[in-house]
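Trainee: I would like to see how this sequence folds:
(chains A, B and C)
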Amino acid sequence: MARQENDGKSIIVFSGDLDKAMAAFIIATGAAAMGSEVTMFFTFWGLNVLRKSGPVAVSKPLLDRVFGWMMPKGPDRLGLSKMNMGGAGAGMMRFIMRKKNVMPLRKLIDEARDLGVRMIACTMSMDVMGLKQEELIDGLEFAGVASYLETAEKCGVNLFI
Amino acid sequence: MARQENDGKSIIVFSGDLDKAMAAFIIATGAAAMGSEVTMFFTFWGLNVLRKSGPVAVSKPLLDRVFGWMMPKGPDRLGLSKMNMGGAGAGMMRFIMRKKNVMPLRKLIDEARDLGVRMIACTMSMDVMGLKQEELIDGLEFAGVASYLETAEKCGVNLFI
Amino acid sequence: MARQENDGKSIIVFSGDLDKAMAAFIIATGAAAMGSEVTMFFTFWGLNVLRKSGPVAVSKPLLDRVFGWMMPKGPDRLGLSKMNMGGAGAGMMRFIMRKKNVMPLRKLIDEARDLGVRMIACTMSMDVMGLKQEELIDGLEFAGVASYLETAEKCGVNLFI
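Mentor: Numbering: from 1, shown residues only, chains lettered A, B, ... in the order given. As a prediction, the model looks like this:
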C-alpha cells in the first residue's frame, strides 16, 4: 500500500493502567493493520506495561529494588484507572473481556510486535524507575524524548495516553 | 467559511470524569463554533458521559446489569478526576460553575449537537460495558476504532482525553 | 534554523500531578531546544503548576479562598497521579529524581521560559478556580480556548496531558 506523508501515528504511553494500555494498543494495532507506521513511546508508569512477569536476576541498589517491588510487573498485573478496588475491578474487567472475546493486553502486545509497531522505552524514565533493559520484554528500542519528537513530527496523529 | 485541509479536530473521550468531559466539550464546541469539523469518539469510561439519566428498560445479562449499576448515568452523575471526595468535590465544582455562569456539561452536549459535532460511541467498549444503544442519548453514531482512525487522519488536531 | 510549517508543538496541561507536569515540561523543553515553537496551555488542575508557593495578598470571596487552600501551591507541592500515598510517593519521587540528576519541575519551568516556550493560563479555568493573575508566576499569557485552537491549528504535534 502506498503511504501518504503524515500517515504515521505516534502514541506516548504514560499511563500504566490496564484500561488505558488496552486503548493504546487497540489504536496502535488498528492503525498498523490499516497500513500506518506506528510508534509507541513508553514513559513513566507506562514502562510497567513492558515489564516481564517473572523474576529477573539483576543487580541494583536497594531503592531501585523497592520501587520495582511496588510497581506492577507486566500486563497481567496492571490495575484500572477507575473502580480498581484493590485489583477486584481489574479482575472483573479481565473476566468480562475474556467472556466477550476481547483480545487480552498480552496478546495485543504480541500482535503489535507482529505488525511492526515500533515500541520505544524511555531511557530517562527507566533510570528514574530503576528498570534495566533485561527486565523489559524483547523487541524494544531504547531512546529519549528527542527520538520521540523526531518521530512525532513525521506523524499526522499524535496521542498522549 | 472555506475550510482548509487538515482543519478538522478529533477528540477521543476515554475519561468519564466531569472535569475532563467538560474540557473535551469546551474544546469541541469552541472549535465547531470557529467553523471546524469536529468528531468526538467516546470509549471506555467516556461512554458514561452519553448515558441517559433515567431508567431504560433493556434486557441484558446480570453481569452487564451489575456493571451498569456501578457506573455513573450521564453528565449529572459524573465525579471529578481529583478531589472528588465521594462526590462532594464534584458537587462543589457544579455549584461553583453555576455561580460563575459556566455552561453545565448537559448543555455543552446539547450545544455540541446543535453545532454539528459528530459524536461516535465505540461499539467495542459498549459491548464490554454491556451498554445498549437505547441507553445512550440520541444523535450518536456507532462505530469502531477503524472509523476513528479514518477521521483522525484527516484532522490537524487530535486529542486523547 | 529554518522552520518548516507545522513544526510547532502545543500541549494542553490539564493535569496538576507532578509526574504528568514533568512529562509535559520535558517534552516542551526538548522540543524548544530542538528549535520548535512550543505553546503550553494550562487549564483546570494544570493551573496549580503555575501557582506561586508563597502567600499572595489578594482579596477574594470565601469560596474562592477555600478552593485555593485545598489546591497545591506550585511545583513543590504537587502529588503523583499514582502511588501518591498522601504525598509520600511524591516525596520519594522527588528524592529519586534528585539522586538521579533529573532536573526538578521548578527548574524545568524556568528552562521552558528561557527557551521561549509560550505559557498560556486559561482564563475561564482561573475564574472557576478563583485564581488571580498575581497568584501565578510571571511571564504568562492569559487567554481562552479560542486562542489555544488558533495555535494548535498551526502545530504538527498537539497533546493533551
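Trainee: Let me know the secondary structure of the residue nearest to A:V102 when sequence neighbours are not counted.
Mentor: Spatial nearest neighbour of A:V102, chain neighbours left out: B:V128 (6.1 Å); criterion: CB to CB, 6 or more residues apart in numbering or on different chains. The way it works is simple: take the backbone N, C-alpha and C, and place the C-beta from them, glycine included. Three-state assignment for B:V128 (DSSP: H, G, I helix; E, B strand; the rest coil): helix.
Trainee: Could you say which helix or strand holds A:A57?
Mentor: For A:A57, there is no host helix or strand (DSSP states H and E).
Trainee: Tell me how many other residues crowd it.
Mentor: Close neighbours of A:A57, defined as other CB atoms under 10 Å in any protein chain shown, add up to 6.
Trainee: which residues touch stretch A:61-72?
Mentor: Contact with stretch A:61-72 is made by A:16, A:45, A:48, A:51, A:60, A:78-79, A:129-131, A:135, C:83, C:92, C:96, C:99, as judged by CB atoms under 8 Å, 6 or more residues apart in numbering or on different chains.
Trainee: Pull out the buried residues from these.
Mentor: The neighbour count (16 or more other CB atoms under 10 Å in any protein chain shown) marks A:16, A:45, A:48, A:51, A:78-79, A:129-131, A:135, C:83, C:92, C:96 as buried among those.
Trainee: which residues in chain A form helices?
Mentor: A:18-33, A:62-70, A:88-99, A:105-114, A:123-129, A:145-152 (DSSP state H).
Trainee: So which of these is the most surrounded?
Mentor: Highest mean neighbour count among the helices of chain A (mean count of other CB atoms under 10 Å in any protein chain shown): helix A:18-33, with a mean of 24.
Trainee: Who are the packing partners of it?
Mentor: strand A:8-13, strand A:38-42, helix A:88-99, helix A:105-114, strand A:155-160, helix B:145-153 (3 or more CB pairs under 8 Å, 6 or more residues apart in numbering or on different chains; DSSP states H and E).
Trainee: Output those as CSV; include the columns mean pLDDT and distance to B:I109.
Mentor: Listed next are the helices and strands packed on helix A:18-33 as CSV, based on pLDDT from 0 to 100; distance: least, CB to CB, whole Å:
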stretch, mean pLDDT, distance to B:I109
strand A:8-13, 98, 27
strand A:38-42, 98, 32
helix A:88-99, 93, 26
helix A:105-114, 98, 31
strand A:155-160, 97, 23
helix B:145-153, 97, 19
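Trainee: could I get these as CSV with distance to chain C?
Mentor: CSV is the format used below for the helices and strands packed on helix A:18-33 (distance: least, CB to the nearest CB, whole Å):
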stretch, distance to chain C
strand A:8-13, 7
strand A:38-42, 10
helix A:88-99, 14
helix A:105-114, 18
strand A:155-160, 4
helix B:145-153, 12
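Trainee: Make TSV from these and add distance to C:G156 to it.
Mentor: Shown next, in TSV, are these (distance: least, CB to CB, whole Å):
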stretch	distance to C:G156
strand A:8-13	11
strand A:38-42	15
helix A:88-99	35
helix A:105-114	24
strand A:155-160	8
helix B:145-153	14
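Trainee: Check what pLDDT the residue nearest to A:V102 gets.
Mentor: The model reports B:V128 with a pLDDT of 95.
Trainee: same deal with A:A57?
Mentor: Reported pLDDT for A:A57: 88.
Trainee: who's in contact with it?
Mentor: Contacts of A:A57 by CB under 8 Å, 6+ apart: none found.
Trainee: And A:L140, by the same measure?
Mentor: A:L50, A:M119, A:I120, A:A121, A:Q133.
Trainee: cool, A:L80 as well?
Mentor: Contacts were defined as CB under 8 Å, 6+ apart; by that measure A:L80 touches A:D17, A:L18, A:D19, A:G89, A:A90, A:M93.
Trainee: Quick check, the first one in contact with A:P75.
Mentor: No - checked against CB atoms under 8 Å, the pair A:D17 and A:P75 is beyond contact range at 11.2 Å.
Trainee: quick one on the thing from earlier: save the helices of chain A as CSV, and put in distance to A:D7 too.
Mentor: Listed next are the helices of chain A as CSV, based on distance: least, CB to CB, whole Å:
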stretch, distance to A:D7
helix A:18-33, 9
helix A:62-70, 38
helix A:88-99, 30
helix A:105-114, 17
helix A:123-129, 27
helix A:145-152, 13
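Trainee: Please work out which residues outside stretch A:119-137 touch it.
Mentor: So stretch A:119-137 is contacted by A:39-44, A:46-47, A:50-52, A:56, A:58, A:60-61, A:63-65, A:67-68, A:71, A:74, A:109, A:112-113, A:139-145, A:147-148, C:26, C:93, C:96-97, C:100, C:102 (CB under 8 Å, 6+ apart).
Trainee: With A:I109 as the reference, measure out to the most centrally placed residue in chain A.
Mentor: Centroid-nearest residue in chain A: A:V49, 4.6 Å away (criterion: CA atoms, centre = their mean). As judged by CB to CB, to the nearest Å, A:V49 and A:I109 stand 8 Å apart.
Trainee: Common neighbours of these two, please.
Mentor: Taking CB under 8 Å, 6+ apart as the contact rule, A:V49 and A:I109 both touch A:P75.
Trainee: residues contacting A:L105?
Mentor: Applying CB under 8 Å, 6+ apart, we find A:L105 in contact with A:L18, A:A21, A:M22, A:F25, A:V49, A:P75, A:D76, A:L78.
Trainee: For the last one, which non-adjacent residue is spatially closest?
Mentor: Counting by CB to CB, 6+ apart, the nearest residue to A:L78 once its immediate chain neighbours are dropped is A:L18, at 4.0 Å.
Trainee: That neighbour touches A:A90, doesn't it?
Mentor: Yes - A:L18 is in contact with A:A90 according to CB under 8 Å; the separation is 5.4 Å.
Trainee: could you dump the contacts of A:L105 to JSON lines with pLDDT and distance to B:K9?
Mentor: Output for the contacts of A:L105, formatted as JSON lines (pLDDT from 0 to 100; distance: CB to CB, whole Å):
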{"residue": "A:L18", "pLDDT": "97", "distance to B:K9": "28"}
{"residue": "A:A21", "pLDDT": "98", "distance to B:K9": "25"}
{"residue": "A:M22", "pLDDT": "98", "distance to B:K9": "24"}
{"residue": "A:F25", "pLDDT": "98", "distance to B:K9": "24"}
{"residue": "A:V49", "pLDDT": "98", "distance to B:K9": "28"}
{"residue": "A:P75", "pLDDT": "96", "distance to B:K9": "32"}
{"residue": "A:D76", "pLDDT": "95", "distance to B:K9": "36"}
{"residue": "A:L78", "pLDDT": "96", "distance to B:K9": "30"}
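Trainee: Which of those sits closest to chain C?
Mentor: Relative to chain C, the closest of these is A:L78; by CB to the nearest CB it sits at 11.0 Å.
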